[in-house]
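*Asks:* mind folding the following:
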Amino acid sequence: MAEPRQAEPAQRPLTVLKSSSFRIIASFAGCLVVCGLAGVIWSGTRGISQLERQMRETVMNERNEALADAKHQDVPHLAPVMREFVQSEPGFYYLLQDAKQAVVVGNMFHLRPHPGWRMLSWTHRTSPPDYRPVLGYGTVLDDGGYLFVGMGGTPLQTLRHGFFMTLLWCATGFLIIGVAGGFAMSRLLLRRIDLISHTAREIMQGDLSRRLPLTEMDDEFNHLSSSLNAMLDRNEVLLARVRQVTDDIAHDMRRPLAHLGRHLDVAQAAVTAPEAAAALDQARASLNEALEIFASLLKLAQLEAYRQIPDVQPVDLEQVLYMLAALYGPTIEQNGQIWRHVAAGRPLVVHGNRVLLTQMVSNLLENAMLHAPEGASITLSSVHEGGEAVIFVDDTGSGIAPDDRERVFEKMLRLDSSRHLPGTGIGLSLVRAVAQLHHGRIELGDNAPGLRCVLRLPLAVTS
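*Replies:* Alright, predicted model coming up:
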């Protein structure tokens, strides 16, 4: 027994965040963000560096001028100079301490005598502290005294704060613009891709007349869609020719084969020799098999040509299965096989063609009867599962190798293990065609041992 090809899984719609277009645009936006932030950082740090350099030059000029006026780097010589500076330059910060760290001259409180550049967090002029920064330079004098000259660092602090806020807002703005732009662009691209994908799925499901949509924009999607539509036009013509040839052969061959059958009947009636009668019986059986193949090919071609279910009506599959169980159960038991029927216990109503649905399940049961050996078990069961009617046809025969479970749906295909058994090789193709016509699918699993055929059909929606 062969496994039907599994139906195409339902395609989940693409999400923007997982799409390649979003990743590409997000990467490009990320590069722009990095470049933009690099520009802001370079510009900001350059401005801060220039201001700090100018402030340091001003402080060093003031310090050097004081040392030059004093001519000696000690407290006694610097004291009168610093008194004059404090009076004439109130905007600067001056401090002169002796070796014992006592304030001699200045407009600041005591500082620890650290040499070099210093950034004070408060002015050291008032109590309570006035938290305004001071940038200055400290010098340890020859006699152990300490000289500090500085200026207000508020402009530098303000510029640094403004730079970090600008950097933060720019990073946030670039990120929002990049993500939002990537999201919007990806949405536009995904709409086109989803439309093309949806059309392709409809074509895969058998609607060969569908074509990919075109827009007024002469973009790459239009060029791709035009090329694919031209290919689909060509494929539809070729498939139509092949189907027509198949139909013509099936139609044209049935007539001479039917005539041949009547001639065989006449010959069989006139022949009295046992050997000739046996040969005619074999010829008649071969002819019937050929007629069955042509009838099956015509039926399959007709099913594949359907765009919708013919004579659709509500069908209770439980009633169909009860009828098939009553029909096939005795025959299976006469073959020495074990028969079981497990009902769902509730109606399984689907919209479909009763004759086609009956033939679909019949083909699976006949395959199980044909391929399962004597003593094997054959079970027909059904359940209601998640809005679907699920039919199981299980047997404990030899089953099918996983690699062959897709191939058996090809027309006229017979596996090597089944060539000695009667059959046309079209039954499972008919099963799949009927299932797909009813928007269902057929699946195979391991029955351990044997094969499990699973038919899934959508239940009719009741108001």
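*Asks:* please identify the helix or strand for Leu455.
*Replies:* Per DSSP states H and E, Leu455 falls inside strand 451-458.
*Asks:* ok, that strand: who's next to it in the sheet?
*Replies:* With DSSP bridges as the criterion, the sheet partners recorded for strand 451-458 are strand 388-395 (antiparallel), strand 441-446 (antiparallel).
*Asks:* take that strand, keep the C-alpha atoms, and write them as CSV.
*Replies:* Extracted in CSV, the C-alpha atoms of strand 451-458 (Å, rounded to 0.1, in the frame of the first residue of the first chain):
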residue,chain,number,x,y,z
LEU,A,451,1.0,1.8,7.2
ARG,A,452,-1.4,4.5,8.5
CYS,A,453,-3.3,6.6,6.0
VAL,A,454,-4.7,9.8,7.4
LEU,A,455,-7.4,11.8,5.5
ARG,A,456,-8.1,15.3,6.8
LEU,A,457,-11.1,17.3,5.5
PRO,A,458,-12.4,20.6,6.8
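*Asks:* what comes up buried for that strand?
*Replies:* Buried residues in strand 451-458, counting neighbours by 16 or more other C-beta atoms under 10 Å, are found at 451-457. Bear in mind the C-beta positions are built from the backbone N, C-alpha and C, glycine included.
*Asks:* equivalent analysis for stretch 121-130, please.
*Replies:* By 16+ other C-beta under 10 Å, the buried positions in stretch 121-130 come out as 123-124.
*Asks:* chain center to that stretch: distance?
*Replies:* Put simply, stretch 121-130 sits 63 Å off its chain's centre (C-alpha atoms, centre = their mean, to the nearest Å).
*Asks:* which residues are contacting that stretch?
*Replies:* Identification of contacts with stretch 121-130 by C-beta atoms under 8 Å, 6 or more residues apart in numbering yields 93, 95, 107-111, 131-134, 152.
*Asks:* give me the mean pLDDT for that stretch.
*Replies:* Across stretch 121-130, pLDDT averages out at 86.
*Asks:* what number of residues lie near Asn229?
*Replies:* Per other C-beta atoms under 10 Å, the neighbour tally for Asn229 reads 16.
*Asks:* contacting residues for the residue nearest to it when sequence neighbours are not counted?
*Replies:* Closest residue in space to Asn229, ignoring its immediate chain neighbours: Arg211 at 4.8 Å, by C-beta to C-beta, 6 or more residues apart in numbering. Residues counted as contacts of Arg211 (C-beta under 8 Å, 6+ apart) are 199, 229, 232-233.
*Asks:* recalculate using a threshold of 10 Å.
*Replies:* 199, 203, 225-226, 228-230, 232-233, 236 (C-beta atoms under 10 Å, 6 or more residues apart in numbering).
*Asks:* and which of the residues you listed is nearest Phe85?
*Replies:* For those, the residue nearest Phe85 by C-beta to C-beta is Ser225; the value is 82.5 Å.
*Asks:* need the contact list for the closest one.
*Replies:* Each residue near Ser225 by C-beta under 10 Å, 6+ apart is listed here: 192, 195-196, 199, 211-215, 219.
*Asks:* buried ones among these?
*Replies:* Judged by 16+ other C-beta under 10 Å, buried ones among these: 192, 196, 199, 211-212.
*Asks:* closest to Gly138 out of those residues?
*Replies:* Looking across the buried ones among the contacts of Ser225 and measuring by C-beta to C-beta, the closest to Gly138 is Arg192, at 69.1 Å.
*Asks:* the closest one touches Pro213, doesn't it?
*Replies:* Yes: using C-beta atoms under 10 Å, Arg192 makes contact with Pro213 at a distance of 8.5 Å.
*Asks:* so what sits against both of the two?
*Replies:* 221-222, 225.
*Asks:* narrow these to those in strands?
*Replies:* When DSSP state E is applied, the shared contacts of Arg192 and Pro213 are split such that none fall in strands.
*Asks:* reformat these as CSV; add pLDDT.
*Replies:* Shown next, in CSV, are the shared contacts of Arg192 and Pro213 (pLDDT from 0 to 100):
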residue, pLDDT
Phe221, 72
Asn222, 77
Ser225, 79
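*Asks:* can you list those in JSON lines and add distance to Asn353?
*Replies:* Output for those, formatted as JSON lines (distance: C-beta to C-beta, whole Å):
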{"residue": "Phe221", "distance to Asn353": "39"}
{"residue": "Asn222", "distance to Asn353": "40"}
{"residue": "Ser225", "distance to Asn353": "35"}
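*Asks:* ok, those residues vs Val140, which is closest?
*Replies:* Nearest to Val140 among those, counting by C-beta to C-beta, is Phe221 at 76.0 Å.
*Asks:* all strands of this protein, in order?
*Replies:* Going by DSSP E, the chain shows strands at 92-97, 103-106, 116-120, 134-140, 146-152, 313-316, 338-342, 349-352, 377-385, 388-395, 441-446, 451-458.
*Asks:* excluding sequence neighbours, find me the nearest residue to the residue of the chain most remote from its centre.
*Replies:* Distance from the centre of the chain peaks at Pro76, with 82.9 Å (C-alpha atoms, centre = their mean). Leaving aside its chain neighbours, Pro76 sits nearest to Asp143 (8.0 Å; criterion: C-beta to C-beta, 6+ apart).
*Asks:* run a quick neighbour tally on the one you found.
*Replies:* Applying other C-beta under 10 Å, I find that Asp143 has 14 neighbouring residues.
*Asks:* could you say which of the strands paired with strand 451-458 is packed most deeply?
*Replies:* strand 388-395 (a mean of 22; mean count of other C-beta atoms under 10 Å).
*Asks:* for the strands paired with strand 451-458, which one sits closest to Gly181?
*Replies:* Between Gly181 and these, the shortest gap by C-beta to C-beta is with strand 441-446, which sits at 41.0 Å.
*Asks:* what's the spacing between Glu318 and Val383?
*Replies:* As judged by C-beta to C-beta, to the nearest Å, Glu318 and Val383 stand 11 Å apart.
*Asks:* which of the two has more neighbours?
*Replies:* Between Glu318 and Val383, Glu318 has the larger neighbour count (other C-beta under 10 Å), namely 19 against 16.
*Asks:* looking at the more buried one now. What's its pLDDT?
*Replies:* According to the prediction, Glu318 has pLDDT 92.
*Asks:* and the nearest residue to it once chain neighbours are set aside, what does it touch?
*Replies:* Nearest residue to Glu318, sequence neighbours excluded (C-beta to C-beta, 6+ apart): Leu348, at 5.2 Å. By C-beta under 10 Å, 6+ apart, the contact list for Leu348 reads 315-321, 382-384, 388-391, 457, 459-460.
*Asks:* try Ile24
*Replies:* Applying C-beta under 10 Å, 6+ apart to Ile24 gives the contacts 182, 185-186, 189.
*Asks:* out of everything not next to it in sequence, what's closest to Gly397?
*Replies:* With C-beta to C-beta, 6+ apart as the criterion, Gly397 has its nearest non-adjacent residue at 3.7 Å, and that residue is Ala372.
*Asks:* what about the one you found, neighbour count?
*Replies:* For Ala372, the neighbour count with other C-beta under 10 Å is 24.
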